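Asks: build me a model:
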Amino acid sequence: MLLYKETRPMLEAHPVIRQLHVIDRKWKQEGSWRKLRHERGLIAAVCASRYDESSISPTSGATR
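Replies: The predicted model follows:
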C-alpha cells in the first residue's frame, strides 16, 4: 500500500496489509536530486513487491 508518512501509524498494524510504501512530504524540501533519489527508491520497492492491481479484491481491498 502506498501512503503518506503521517498515515502510517493508522495502517501499519492492519492484518491484511503486507507492505507499506511510504511517501514523505518533506522530500519536496530536500532538493531535486535527493527527492529524485527517494522517488527512485520508492519505485524500485513497489516494483520489487510485484504489485499488480488485478490482485486487489474490489470488495475487501485485500490482496489474494
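Asks: chain center to stretch 38-51, what's the gap?
Replies: 8 Å (C-alpha atoms, centre = their mean, to the nearest Å).
Asks: again but with stretch 35-44, I slipped
Replies: Taking C-alpha atoms, centre = their mean, the mean C-alpha location of stretch 35-44 is offset from the chain mean by 11 Å.
Asks: what's in contact with that stretch?
Replies: Stretch 35-44 is touched from outside by 21-24, 27-28, 30, with contacts defined as C-beta atoms under 8 Å, 6 or more residues apart in numbering. Quick note: C-beta positions are derived from backbone N, CA and C, even for glycine.
Asks: buried only: go through those residues for me.
Replies: When neighbours are counted using 16 or more other C-beta atoms under 10 Å, the contacts of stretch 35-44 contain these buried positions: 22, 27.
Asks: for the chain, which spans come out with low pLDDT?
Replies: Within the chain, the segments meeting pLDDT under 70 span 51-64.
Asks: for it, what's the longest helix?
Replies: Counting residues, the longest helix in the chain under DSSP state H turns out to be helix 32-48.
Asks: next, count neighbours for R50.
Replies: 7 (other C-beta atoms under 10 Å).
Asks: how far away is it from A13?
Replies: Counting by C-beta to C-beta, to the nearest Å, the separation of R50 from A13 is 23 Å.
Asks: over to L42?
Replies: Distance check for L42 against A13: by C-beta to C-beta, it reads 22 Å.
Asks: next: V46.
Replies: V46 is 21 Å from A13, where distance means C-beta to C-beta.
Asks: neighbour-wise, which of these two wins?
Replies: A count of neighbours by other C-beta under 10 Å puts V46 above the other of V46 and A13, at 13 against 7.
Asks: do I have it right that the more buried one meets Q19?
Replies: No. If you go by C-beta atoms under 8 Å, V46 and Q19 don't touch, sitting 9.0 Å apart.
Asks: all helices of this structure, in order?
Replies: Using DSSP H, the helices assigned to the chain run over residues 8-11, 32-48.
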